[in-house]
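# here you go, sequence then predicted model.
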Amino acid sequence: MIGRMSREERLRLRRAERAVDRMHGMGRKVFLAIRVDEQSYLQIAERFDISVADVERHFASSLRILMQAMDEKDPWWWKFWPW
């Protein structure tokens, strides 16, 4: 699949990966559980022994990090990144 992606799609994917790398602690765990493991808020709350409201809060903060990263401009040297 990655081989068929355009250069712009690869750059956006890398930007999203960097954003996930910047997430810390429970925010990262919750984000990955929702987006990768496709778990419900209730399942995540039970898994990590937190409230559903905490799951919502952690997910919202993770989405803010992701949205900020996707709006960032890549540095000029990024176009030379070896793909």
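Ah, there it is.
# what is the burial count for R15?
When neighbours are counted by other Cβ atoms under 10 Å, R15 registers 17. C-beta coordinates here come from the backbone N, C-alpha and C atoms, glycine included.
# got it, and D37?
Neighbourhood size, D37 [other Cβ under 10 Å]: 11.
# show me where the chain has its helices.
Assigned by DSSP state H, the chain shows helices spanning 7-22, 25-35, 41-48, 52-71.
# in CSV: those, plus mean pLDDT.
Below are these laid out as CSV (pLDDT from 0 to 100):
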stretch, mean pLDDT
helix 7-22, 87
helix 25-35, 94
helix 41-48, 97
helix 52-71, 90
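# most packed of the ones you listed?
Most buried of the helices of the chain, by mean neighbour count (mean count of other Cβ atoms under 10 Å): helix 25-35, with a mean of 18.
# export that one as PDB, just CAs?
Taking C-alpha atoms only, helix 25-35 is exported to PDB below (Å, rounded to 0.1, in the frame of the first residue of the first chain):
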ATOM      1  CA  GLY A  25       1.400   8.400  28.500                       C
ATOM      2  CA  MET A  26      -2.300   7.700  28.600                       C
ATOM      3  CA  GLY A  27      -3.100  10.000  25.700                       C
ATOM      4  CA  ARG A  28      -1.000   7.900  23.300                       C
ATOM      5  CA  LYS A  29      -2.400   4.700  24.700                       C
ATOM      6  CA  VAL A  30      -6.000   5.900  24.400                       C
ATOM      7  CA  PHE A  31      -5.400   7.200  20.900                       C
ATOM      8  CA  LEU A  32      -3.900   3.900  19.600                       C
ATOM      9  CA  ALA A  33      -6.600   1.900  21.300                       C
ATOM     10  CA  ILE A  34      -9.300   3.900  19.500                       C
ATOM     11  CA  ARG A  35      -7.700   4.300  16.100                       C
END
